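Asks: This is a predicted model, with the sequence first.
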Amino acid sequence: MRFYENQTGASGVEAFEIGDRSITVRFAEGGTYLYDQSKPGRLHVAQMISLARAGAGLATYINQQVRGNYARKLD
C-alpha cells in the first residue's frame, strides 16, 4: 500500500492501493476496505482513485458519497 499524502493533515485515510478497476483504502482509525466496480461502482471508484493520487479529499468523498457502500472489508 502507498501512504496517503494527506495534504490537509486531518484526513482519516492512512494508505491506499490502486488495483485493476478498484481501490483499497486503509483508514487511520482502523479498517481496510475494498471499493470496486460492483460497489460503489465505476464512477465512484474513478473519483476515489483521482482523489487518492492528488492526496486530498478522499476521506471527505468517502464520507459524503460512498459511506458503507464498499465491496468488502479486508480487516
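Replies: Structure's in. What do you need?
Asks: top helix in this structure by residue count?
Replies: What stands out as the longest helix in the chain, according to DSSP state H, is helix 42-54.
Asks: and that one, how far from the chain's centre?
Replies: 8 Å (CA atoms, centre = their mean, to the nearest Å).
Asks: what does stretch 64-75 give?
Replies: 9 Å.
Asks: residues of it that come out buried?
Replies: Buried residues in stretch 64-75, counted by 16 or more other CB atoms under 10 Å: 66, 70-71. Any C-beta I mention is one placed from the backbone N, CA and C, and that applies to glycine too.
Asks: distance between the ends of that stretch?
Replies: One end of stretch 64-75 sits 22 Å from the other (CA to CA, to the nearest Å).
Asks: And the average pLDDT for that stretch is what?
Replies: When pLDDT is averaged along stretch 64-75, the result is 96.
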